[in-house]
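Novice: Let's see this in three dimensions:
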Amino acid sequence: MENEKNEKLNNFDAELNNAFKLDYKEQNLNNNIKYKNWETSMIKKFGNNARLFKCSKDNLLFYTSNQECKEFPFYVSICPYCKREICYFCSRFSKDEAFSGNCCLKRGIYYAIFESGCNSYIKYDHIDPPPEKFIKISLIPYINIQFFISLCFKFFFLGLPKKNAEDMDDDKLITYEKHFDIEHRYETLNIILFIFKLFLVFLPLPYIIISIFFMILLFLISLPFKGYPICFFWGVIFGSPNFSIEEEFDRLYFY
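Specialist: Now for the predicted structure:
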């Protein structure tokens with residue numbers, strides 16, 4: 001089966017698909033004339049700000065325009081061979097619907113700020129807004145810091161795919177949370193969660209006054225700008241994760 005796949009890939013006409021086939025993984029291309037010529041032709045075609053993607057599954061390089069790269073779902077393009085979606089930053093992509101835009105840390109941060117924040121669904125009605133009680137919680141000093149840290153912990157650790165996770169058939173990468181479950185390492189996970197909750201109790205304490213001033217300043221700035229700054233803030237917090245925020249709140253404070 002693997003031989004058939006390799007033969008098919010070797011017969012793939014890379015030039016017609018703006019692609020360059022690597023001979024092997026991590027091939028050094030610094031002095032590769034064929035690659036340099038291809039790179040020059042792609043930059044001439046797509047412009048100086050063209051984006052270079054790599055499909056780690058097929059060892060295939062391909063270019064897209066900067067404009068196409070920044071279209072939804074943001075810094076993702078389709079591999080011309082396997083037709084999988086590929087992340088510009090990590091050369092992978094995960095279709096886990098519980099986490100939007102976090103196949104890697106870089107894209108997760110970009111997605112949270114430039115998609116969820118700048119296009120806040122609370123302002124533009126992209127999807128249903130979170131329950132009112134969670135919006136109110138985000139305004140309470142100390143508790144809002146705990147809540148924000150908890151969501152970041154879920155989104156950027158437990159929900160982040162493992163660094164060496166392989167592409168699955170369903171285009172979903174194994175997250176750290178799923179890894180602990182698959183490996184039955186519940187004790188390790190419980191220890192991590194226990195240490196994390198200790199941090200949640202003590203870490204926000206020095207920042208209570210700063211949090212109060214931040215929320216006051218945020219509201220004052222929002223007044224002349226039709227509420228956009230506060231919508232940006234809520235968009236970053238609630239826009240990226242599609243997992244149950246209510247379950248996270250219960251886990252944070254009740255078990």
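Novice: Looks like F62 contacts C82 (just checking).
Specialist: No: if you go by C-beta atoms under 8 Å, F62 and C82 don't touch, sitting 11.1 Å apart. In this view, the C-beta of every residue, glycine as well, is placed from N, C-alpha and C.
Novice: Common neighbours of those two, please.
Specialist: C55 (C-beta atoms under 8 Å, 6 or more residues apart in numbering).
Novice: more crowded one of the two?
Specialist: Between F62 and C82, counted using other C-beta atoms under 10 Å, the more crowded position is F62 (22 against 16).
Novice: and the closest residue to S65 other than its chain neighbours, how many neighbours does it have?
Specialist: Excluding its sequence neighbours, the residue lying closest to S65 (C-beta to C-beta, 6 or more residues apart in numbering) is F46, at 4.6 Å. Using other C-beta under 10 Å, F46 is surrounded by 19 other residues.
Novice: ok, now N37?
Specialist: 11.
Novice: in the chain, which spans are helices?
Specialist: Using DSSP state H, the helices found in the chain span residues 2-10, 33-46, 66-69, 105-110, 121-124, 132-137, 143-153, 176-182, 186-202, 208-222, 228-239, 245-253.
Novice: Deepest-packed of these, please.
Specialist: helix 228-239 (a mean of 22; mean count of other C-beta atoms under 10 Å).
Novice: Does anything pack onto that one? Which helices or strands?
Specialist: With contacts defined as 3 or more C-beta pairs under 8 Å, 6 or more residues apart in numbering; DSSP states H and E, helix 228-239 has these neighbours: helix 121-124, helix 143-153, helix 208-222.
Novice: Using CSV, lay out those helices together with distance to L160 and mean pLDDT.
Specialist: Shown next, in CSV, are the helices and strands packed on helix 228-239 (distance: least, C-beta to C-beta, whole Å; pLDDT from 0 to 100):
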stretch, distance to L160, mean pLDDT
helix 121-124, 22, 52
helix 143-153, 10, 82
helix 208-222, 26, 88
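Novice: and N30, which of these is closest to it?
Specialist: When those are compared by C-beta to C-beta, helix 143-153 sits nearest N30, at 38.0 Å.
Novice: The residue most central in space within the chain - nearest residue in space that isn't next to it in sequence?
Specialist: Ranked by distance to the mean C-alpha position of the chain (C-alpha atoms, centre = their mean), the top residue is N102 at 2.0 Å. Nearest residue to N102, sequence neighbours excluded (C-beta to C-beta, 6+ apart): G108, at 3.5 Å.
Novice: same question, F199
Specialist: Using C-beta to C-beta, 6+ apart, the closest residue to F199 is I149 (7.6 Å).
Novice: Distance check, the one you found against F93.
Specialist: If you measure I149 against F93 using C-beta to C-beta, to the nearest Å, the figure is 27 Å.
Novice: One more: Y110?
Specialist: For Y110, the distance to F93 - C-beta to C-beta - is 14 Å.
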